[in-house]
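Visitor: Kindly generate the corresponding structure for this input.
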Amino acid sequence: MQLTFIEQWTRGPGEAVLLSRELTGEDTFAVLLPDDVVPSVDHWRDLQALSRETGAPSLCVRKVPVAEAPRFGMAVCELFSGRLRVRELVEKPPAGHTRSNLSIFGRYVVTQPVLDALADRLARTTGELQLTEGYAALTDGVPGVFALEFSADSYDCGTPQEFARATTRYAAWSDVGRLAEVP
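Guide: Residues are numbered from 1 along each chain as shown. Okay, the predicted model is just below:
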């Protein structure tokens, strides 16, 4: 596995991912947002398999209380051939304005159509470009966008409480290679 880190001012996470095109060329690649900490890698195998099987970009979603929707990108999904097909993506909707309790969880399989959509949006915006916008542009097309519902243990380090919980858990790593449970 090759990891590459790029630090550069951008107009949001969408442009940051778009800049990776110089490194990835035409390859499909993964994006992991660093504020979501996951001790397991099993979801990656499943997310990659979903993208391979559908030929579509994919992302992870997880259930959250609707009251927390303004903190996240939200996904409206439907079952399609036994899989979750994304029908709508909204980045941080106002309270009470979401039709779903599925938040986008910071794990993505990025394909060239996502990058093309981001490039198109970047040319037409002066503000921040969200990664969600690249995926949202593809939800009505073929092959569309698919989601994997994520339910494994994870920590949203976007809040001080969750950051402290994740730090405590990792600090309590046992010598047998398992993470200690922290309430």
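Visitor: Give the partner strands of the lowest-mean-pLDDT helix or strand in the chain in its sheet and their orientations.
Guide: The least trusted helix or strand in the chain, going by mean pLDDT, DSSP states H and E, turns out to be strand 155-156, with a mean of 76. Here strand 155-156 is paired, per DSSP bridges, with strand 36-37 (antiparallel).
Visitor: Run through who's touching the strand it pairs with.
Guide: 105-107, 154-157, 166, 170 (CB atoms under 8 Å, 6 or more residues apart in numbering). No exception for glycine: its C-beta is placed from N, CA and C like everyone else's.
Visitor: Looking at neighbours, which among the residues you listed is most surrounded?
Guide: When neighbours are counted by other CB atoms under 10 Å, residue 105 leads the contacts of strand 36-37 with 27 neighbours.
Visitor: who does the helix or strand encompassing that one touch, helix- and strand-wise?
Guide: Taking DSSP states H and E as the criterion, the element that holds residue 105 is strand 102-110. Applying 3 or more CB pairs under 8 Å, 6 or more residues apart in numbering; DSSP states H and E, one finds that strand 102-110 contacts strand 29-32, strand 36-37, helix 42-54, strand 58-63, strand 73-80, helix 131-136.
Visitor: Please report how far the closest residue to residue 83 other than its chain neighbours lies from residue 80.
Guide: Spatial nearest neighbour of residue 83, excluding adjacent residues (CB to CB, 6 or more residues apart in numbering): residue 146 at 5.5 Å. Distance, residue 146 to residue 80, by CB to CB, to the nearest Å: 8 Å.
Visitor: Settle it for me: which of those two has more neighbours?
Guide: Neighbour count, other CB under 10 Å: between residue 146 and residue 80, residue 146 has more, with 23 against 13.
Visitor: For the more buried one, grab phi and psi.
Guide: phi -120, psi 150 (degrees, to the nearest 10).
Visitor: Kindly report the same for residue 160.
Guide: Torsion angles at residue 160 (phi, psi; degrees, to the nearest 10) stand at phi -60, psi -40.
Visitor: Quick one: closest of the helices and strands packed on strand 102-110 to residue 14.
Guide: Of all the helices and strands packed on strand 102-110, helix 131-136 sits nearest to residue 14, with 4.9 Å by CB to CB.
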